[in-house]
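Peer 1: Just need the structure, nothing else, for what follows:
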Amino acid sequence: MNSSEQFKHYTDKVCEQIRWKKAHGIVAQEIENHLIDQKNAYMDMGDSESTAEEKALLQMGDPVAVGAALDGTHKPAPQWGMMGLVMVLFLIGAVIQFLFMKNMLLDTDFQSASLNTLVIFLPISLAVFFIAYFLDFSFFGKFPYAFPAALLITYIISHFFGLERFVGGYLYIQTGMFLGNFFISPATLSLIFPLAFCGLFYHLRNRGNKGFFLGGLAAVFFCLQLMFWRTASGLFLFLLSAGMLMVFAAKQNWFGNRAKHLLFLFILVAVIALVFIVVSDPYYHARFIDLTAKIHPETEPNGTGYLSLFLRDMLEHSVFIGKDTSIDLLSSYGDVFLTEFRSAYLLTYLTYQYGWTVSIGLVLLLTVFLVFGFRKCLKQKSILGQMISLSILCTFTAEVLIYIITNLGYPILAPISLPFLSYGINGMLFNMFLAGILLSVFRTGEVYRDSTKPVINESKFIQWDDGKLIISFK
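Peer 2: Here you go, the predicted structure:
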């Protein structure tokens, strides 16, 4: 039985007292459902429809008083704790960069250019964080093709219009006419890929097993784009983040109870595809061959293993607190090489320069941020909120893991960034954007509700017959 105009008027009056407009929809729905249930209960007891409505409204009480009470409980959760952690890490990162320039950079022109970059882009990164923080995260569910399309267009323009440049052995996209002499790294751009995949994956959830299969194909497409951009680190980061998202979705039965079988199929296909890429692609084949020298650098001390040996040498001459003044390993290197320590090898540098306590303390701060984030992620009431927060947290986790492994002297993958701390315009902008979106989910996710479309049972699309997996596209 539908609600009457009296119920509609009552809920409107309640919502007028609630200042947070995003909460109006869910509050109105809950009150209407309660009124209808109460009305039906009175009618079952023998009351007429009009009498039952009046009794239900009388039991609910004065709409102004109810709305005022709900106004106190329905408001955004600012997330002061996690925001404080982000701000602390961000400020620590800024201080570290200024100290690095003061103590390590010898060329005054180079130092001045680095200082100007920090002065300009640190405030911009902070602004990006707050813009994302106040952004409605449901955008990714409403417009699932926006980010994937933007990434695809970026690849097409950069690849076919000659905007790709190799700088210091790394591939960059030169923005040229759009942002002047500004370069975007595909490796740091890969930080956005899991979030782009997340919106698309969420959009497909109501298609059941077929949707899960299409989501897997989308993941393959993202992997191909990263592979063509020659970013092994970005590929690993996306595989970890998207893989965890698909595992979690299958476990939660968001795509139906047969998605777990498809997940196993995709894992098998992913392993075969990775082996094929390593064997057939010269770039990735060379990277794979170099793994031995990076893990056992003594086999090529003057070649591929040089960096590993140097990083391990710095760690061996590090003390728990302070610096070992008996040896100076950095004095013989120029500014260009030293700048790598503020971006790619910051933890190694901090350990060598200030002691293990500093680097361990920073890793612990990042760990606290991630642990609190995962706890809040699992408490989200909406599928979209859980998907977005999980994809972002897995992205941060992959970043930190790659960075720590490299800084321990095992540069198997090139580090992308140490979130909020290491130098790098691209990395800082993208990480602050992701942190803002993450906190936006935690701030307003309480009132977001997914669409109530039932999950389609694709029994004809995926079938098991005599131990065989049958996929039908009819």
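Peer 1: any low-confidence regions in the stretch 251-400 of the chain?
Peer 2: For the stretch 251-400 of the chain, residues meeting the criterion pLDDT under 70 lie at 256-262, 265, 326-338.
Peer 1: Show me where it has its strands.
Peer 2: Counting by DSSP state E, counting those that start in this stretch, one finds no strands in the stretch 251-400 of the chain.
Peer 1: which residues of the stretch 201-350 of the chain fall in helices?
Peer 2: Assigned by DSSP state H, counting those that start in this stretch, the helices in the stretch 201-350 of the chain fall at 208-228, 232-251, 259-280, 282-289, 291-295, 306-316, 335-343, 346-354.
Peer 1: quick one: which of the ones you listed is nearest L434?
Peer 2: Closest to L434 of those is helix 232-251 (C-beta to C-beta; 10.9 Å). Any C-beta I mention is one placed from the backbone N, CA and C, and that applies to glycine too.
Peer 1: can I get the CA coordinates of the closest one in PDB?
Peer 2: C-alpha atoms of helix 232-251 as PDB (Å, rounded to 0.1, in the frame of the first residue of the first chain):
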ATOM      1  CA  ALA A 232      55.700  -2.300 -14.500                       C
ATOM      2  CA  SER A 233      55.100  -0.600 -11.200                       C
ATOM      3  CA  GLY A 234      51.700   0.800 -12.300                       C
ATOM      4  CA  LEU A 235      50.800  -2.600 -13.700                       C
ATOM      5  CA  PHE A 236      51.600  -4.300 -10.400                       C
ATOM      6  CA  LEU A 237      49.700  -1.600  -8.500                       C
ATOM      7  CA  PHE A 238      46.600  -2.000 -10.600                       C
ATOM      8  CA  LEU A 239      46.700  -5.800 -10.500                       C
ATOM      9  CA  LEU A 240      46.900  -5.700  -6.700                       C
ATOM     10  CA  SER A 241      44.100  -3.100  -6.300                       C
ATOM     11  CA  ALA A 242      41.700  -4.400  -8.900                       C
ATOM     12  CA  GLY A 243      42.400  -8.000  -7.900                       C
ATOM     13  CA  MET A 244      41.600  -7.300  -4.300                       C
ATOM     14  CA  LEU A 245      38.400  -5.500  -5.400                       C
ATOM     15  CA  MET A 246      37.300  -8.500  -7.500                       C
ATOM     16  CA  VAL A 247      38.100 -10.900  -4.700                       C
ATOM     17  CA  PHE A 248      36.200  -8.900  -2.200                       C
ATOM     18  CA  ALA A 249      33.200  -8.500  -4.500                       C
ATOM     19  CA  ALA A 250      33.100 -12.300  -5.200                       C
ATOM     20  CA  LYS A 251      33.300 -13.000  -1.500                       C
END
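Peer 1: Quick check: buried residues in it?
Peer 2: 232-246, 248-250 (16 or more other C-beta atoms under 10 Å).
Peer 1: right, so the helices of the stretch 201-350 of the chain: which one is the most enclosed?
Peer 2: Comparing the helices of the stretch 201-350 of the chain by mean neighbour count (mean count of other C-beta atoms under 10 Å), helix 346-354 ranks first with a mean of 23.
Peer 1: isn't S382 right next to E446, touching?
Peer 2: No - using C-beta atoms under 8 Å, S382 makes no contact with E446, being 9.1 Å away.
Peer 1: what would the helices of the stretch 201-350 of the chain look like in CSV with distance to D62?
Peer 2: CSV is the format used below for the helices of the stretch 201-350 of the chain (distance: least, C-beta to C-beta, whole Å):
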stretch, distance to D62
helix 208-228, 46
helix 232-251, 44
helix 259-280, 48
helix 282-289, 68
helix 291-295, 71
helix 306-316, 68
helix 335-343, 61
helix 346-354, 59
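Peer 1: looking at these, which is closest to A127?
Peer 2: Nearest of the helices of the stretch 201-350 of the chain to A127, taken as C-beta to C-beta: helix 335-343 at 21.8 Å.
Peer 1: element containing the residue nearest to M43 when sequence neighbours are not counted, please.
Peer 2: The shortest distance from M43 to any non-neighbouring residue, by C-beta to C-beta, 6 or more residues apart in numbering, is to A52 (4.6 Å). Assigned by DSSP states H and E, A52 belongs to helix 49-60.
Peer 1: so how far is that helix off the chain centroid?
Peer 2: Distance of helix 49-60 from its chain centroid, counting by C-alpha atoms, centre = their mean, to the nearest Å, is 48 Å.
Peer 1: From L309, how far off is the closest residue to T292 other than its chain neighbours?
Peer 2: In space, and not counting its chain neighbours, T292 is closest to T299: 6.7 Å by C-beta to C-beta, 6+ apart. Distance, T299 to L309, by C-beta to C-beta, to the nearest Å: 11 Å.
Peer 1: same question, F430
Peer 2: Noted for F430: a distance of 31 Å to L309, by C-beta to C-beta.
Peer 1: any idea which helix or strand carries F183?
Peer 2: Counting by DSSP H and E, F183 is found in strand 180-184.
Peer 1: thinking again about what came up before, let me know the pLDDT of the residue nearest to M43.
Peer 2: pLDDT for A52: 77.
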